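Engineer: output the structure for:
(one chain, ligands or ions: 1)
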Amino acid sequence: MVKANANYGRLQGNYLFSTIAKKVAAYTEAHPDAGIIRLGIGDVTQPLSPAVISALHSAVDDMADAKTFHGYAPDLGYEFLRSAIAEQDYRARGCEISDDEIFISDGAKSDSANIQEIFSPDAKVAVCDPVYPVYVDSNVMAGRSGEWIESEQRYSDFIYMPCTEANHFMPEFPKENPDLIYLCFPNNPTGMTITKERLQEWVDYANRIHAVILYDAAYEAYISEPDVPHSIYECEGARTCAIEIRSFSKNAGFTGVRLGFTVVPKDLKADGVALHGLWARRHGTKYNGAPYIIQKAGAAVYTPEGQKEIRQLVGYYMENARMIYEGLKDAGYTVYGGVNAPYIWLKTPDGMSSWDFFDHLLDSKHIVGTPGSGFGPHGEGFFRLTAFGTHENTREAIKRITEA
Ligand code: PLP
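Structural biologist: Below is the predicted model:
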């Protein structure tokens, strides 16, 4: 008899955001006029920029004419996009990355979930706690988790690196050596980021213990402070220990359009095997390429107008981040993040649990946020608000939260 993949049976509960969606749907049904404001899920609200829209229209027209029609895209991405990324995101910043080290995909969620496939099934995985749940769940599905320990809210075989107020939400090197280390900066959910100096220490550590860092830089565009690294390849030695994942979702509003990329340097090896070739093979076998139309839209982001427009888009959301951060701080909340990231990580008042605070905000203020405990046990007692709403909703939400 055929058996289902037993690893899936170890996944815990529903995906965090499905649970939230169900609670909100039930509340909305019972209170249809509540005027709920959603600052929970990290989805954007502003339209695609004019340069992107114009590139989309023009690419659609290309598809209408046999002379300019495009069928299957190259598995690894069109050269016009790979070269723009390698040049502007990396070489212009002094990072030595070649065009063919960029792999175009449909987004950072897929890449950050799939990348573990090119490593041994017994690779020891280290994740931050709290963490973007995809890194954990994808490794549970792949059989690396061991058993779920209910009393500790953790899996037996993962290494958890607590990110707490005490360590300024910066993970410390674990006692046990990991093989795969997931780092995400600027961080989801804490909104905190890392200094170049500290990231260099992580790179040195990974090279020393022959581990690979999976560096998720989906929020790179939100960095506003000067000593914050935009890429792990700004660190010396990162080409031999790091893979970087990025997205067009949060800088250019592509959440519904879908585009991202992963950088795998050719110098990166796992026990002597070049990972570049493995990821190319994986991509070629399981993925038929991001659509031409979407890659054209992605390339428009790298034009001078595109760059100007996405800076305005990021600026719009960061104004919300400022409103949330300052509004809550002035009202006496303890708040983190919100400076180099579109997330504000606040301490729940009066020692409330994260889910109790969620229920309180939904019931009495009609605001949806994300309970910190949904991102891991060390997220308990915290709550995430996102800056991706409209100015009007964000202003109204802060007014409602801070009024007595
Ligand atoms: N990585 C992190 C840390 C995220 O927070 C998100 C989305 O919220 C993603 C990746 C997913 O990005 P994409 O829309 O490109 O799949």
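Engineer: okay, the nearest residue to residue 100 once chain neighbours are set aside and residue 253: tell me how far apart.
Structural biologist: Nearest non-adjacent residue to residue 100, counting by C-beta to C-beta, 6 or more residues apart in numbering: residue 82, 7.1 Å away. No exception for glycine: its C-beta is placed from N, CA and C like everyone else's. Counting by C-beta to C-beta, to the nearest Å, the gap between residue 82 and residue 253 amounts to 21 Å.
Engineer: just residue 379 next, same as before
Structural biologist: Distance, residue 379 to residue 253, using C-beta to C-beta: 27 Å.
Engineer: quickly find the element holding residue 172.
Structural biologist: Using DSSP states H and E, residue 172 maps to neither a helix nor a strand.
Engineer: so who does it touch?
Structural biologist: Applying C-beta atoms under 8 Å, 6 or more residues apart in numbering to residue 172 gives the contacts residue 161.
Engineer: related to what we said a few turns ago, what sits against the residue nearest to residue 100?
Structural biologist: Residues counted as contacts of residue 82 (C-beta under 8 Å, 6+ apart) are 76, 99, 100, 102, 104, 261.
Engineer: so which elements touch the longest helix seen in the chain?
Structural biologist: The longest helix of the chain (DSSP state H) is helix 304-330. With contacts defined as 3 or more C-beta pairs under 8 Å, 6 or more residues apart in numbering; DSSP states H and E, the packing partners of helix 304-330 are helix 50-63, helix 249-252, helix 292-301, strand 335-337, strand 343-347, helix 391-402.
Engineer: looking at those, which is closest to the ligand?
Structural biologist: Of all the helices and strands packed on helix 304-330, the one in closest proximity to the ligand, counting by C-beta to the nearest ligand atom, is helix 249-252 (3.4 Å).
Engineer: follow-up on the earlier one: the helices and strands packed on helix 304-330 into JSON lines, with extra columns for mean neighbour count and distance to the ligand?
Structural biologist: Below are the helices and strands packed on helix 304-330 laid out as JSON lines (neighbours: other C-beta atoms under 10 Å; distance: least, C-beta to the nearest ligand atom, whole Å):
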{"stretch": "helix 50-63", "mean neighbour count": "16", "distance to the ligand": "15"}
{"stretch": "helix 249-252", "mean neighbour count": "24", "distance to the ligand": "3"}
{"stretch": "helix 292-301", "mean neighbour count": "24", "distance to the ligand": "11"}
{"stretch": "strand 335-337", "mean neighbour count": "22", "distance to the ligand": "13"}
{"stretch": "strand 343-347", "mean neighbour count": "25", "distance to the ligand": "9"}
{"stretch": "helix 391-402", "mean neighbour count": "17", "distance to the ligand": "18"}
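Engineer: can you redo these as CSV with mean pLDDT?
Structural biologist: Listed next are the helices and strands packed on helix 304-330 as CSV, based on pLDDT from 0 to 100:
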stretch, mean pLDDT
helix 50-63, 98
helix 249-252, 98
helix 292-301, 98
strand 335-337, 98
strand 343-347, 98
helix 391-402, 96
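Engineer: a markdown table for the ones you listed, including distance to residue 216?
Structural biologist: Formatted as a markdown table, these follow (distance: least, C-beta to C-beta, whole Å):
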| stretch | distance to residue 216 |
| --- | --- |
| helix 50-63 | 23 |
| helix 249-252 | 11 |
| helix 292-301 | 18 |
| strand 335-337 | 16 |
| strand 343-347 | 13 |
| helix 391-402 | 25 |
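Engineer: nearest residue to residue 118 other than its sequence neighbours?
Structural biologist: Take residue 118 and drop its neighbours on the chain: the residue closest to it by C-beta to C-beta, 6+ apart is residue 278, 4.2 Å away.
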